[in-house]
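The following comprises the amino acid sequence and a computationally predicted model.
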Amino acid sequence: SQKIEQNSEALNIQEGKTATLTCNYTNYSPAYLQWYRQDPGRGPVFLLLIRENEKEKRKERLKVTFDTTLKQSLFHITASQPADSATYLCASPGKGNMLTFGGGTRLMVKP
Amino acid sequence: DTGVSQDPRHKITKRGQNVTFRCDPISEHNRLYWYRQTLGQGPEFLTYFQNEAQLEKSRLLSDRFSAERPKGSFSTLEIQRTEQGDSAMYLCASSYQGLNEKLFFGSGTQLSVL
């Protein structure tokens, strides 16, 4: 089955810098990957989807890449703000219609 | 508010008791999912409905767990004879059938088993 790995250590960066989060998958190349944001005590919120044949996707200050050779997706937040502090989850379609989530990476943006 | 609604938000119960959670998905969504999440981990898939049919169940879902979606609208998740290991956030999500659909999550029910 598909396994999604994200850095479990929190990422601390200074406001205004670019945050880069990593998502690695271990088995088959998924048709797409999704990224979600989760705030404490809340459910995840969808941010971006990138398909296997897309190398890069952008939305405002967010950018996602998909490298099938490295089996990796990178999630970038440019000009980061304290309000971007949250846990970011990567997800891949698994068996059937379910999504398999990584453990998430907590981002802390300091003013 | 037309998002996914879950009730209750918090539940504290004693070991051995039964608990039931409710999820009201976005009305036009025909797919409904239950996930479980423990602190510091990502959501783990439990089960999935398309309309009223339960199409997939995770091996994580022991016999003590049962989910229903009787009319293809709201869903309930029941845990019988709760154990301390059942303590977690139970998340419901819905989506509309289609290619690459995204999930819309509720705020979850936080279960604490004492």
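Cool, got the structure.

Quick check: closest non-adjacent residue to B:Ser94.
Closest residue to B:Ser94 apart from its sequence neighbours, by C-beta to C-beta, 6 or more residues apart in numbering or on different chains: B:Pro25 at 3.3 Å. Where C-beta positions appear, they are placed from N, C-alpha and C, glycine not excepted.

surely the one you found meets B:Leu32?
Yes: the criterion here is C-beta atoms under 8 Å, and B:Pro25 meets it with B:Leu32 at 5.1 Å.

got any residues that touch both of the two?
B:75, B:92, B:94 (C-beta atoms under 8 Å, 6 or more residues apart in numbering or on different chains).

Find the closest residue to chain B in chain A.
Residue of chain A nearest chain B, by C-beta to the nearest C-beta: A:Gly43 (3.1 Å).

Count the neighbours of that residue for me.
For A:Gly43, the count of nearby residues is 23 (other C-beta atoms under 10 Å in any protein chain shown).

so what's the nearest residue to B:Lys102 once chain neighbours are set aside up against?
Among residues not flanking B:Lys102 along the chain, A:Phe46 sits closest, at 4.1 Å (C-beta to C-beta, 6+ apart). Contact partners of A:Phe46, counting by C-beta under 8 Å, 6+ apart, are A:34-36, B:102-104.

Need the contact partners of the helix or strand containing A:Thr22.
Here A:Thr22, judged by DSSP states H and E, is contained in strand A:19-25. The contact list for strand A:19-25 (C-beta under 8 Å, 6+ apart) reads A:2-7, A:11, A:13, A:33, A:35, A:70-77, A:80, A:84, A:88, A:90, A:92, A:102, A:105, A:107, A:109.

what lines up beside it in the sheet?
strand A:4-6 (antiparallel), strand A:72-77 (antiparallel) (DSSP bridges).
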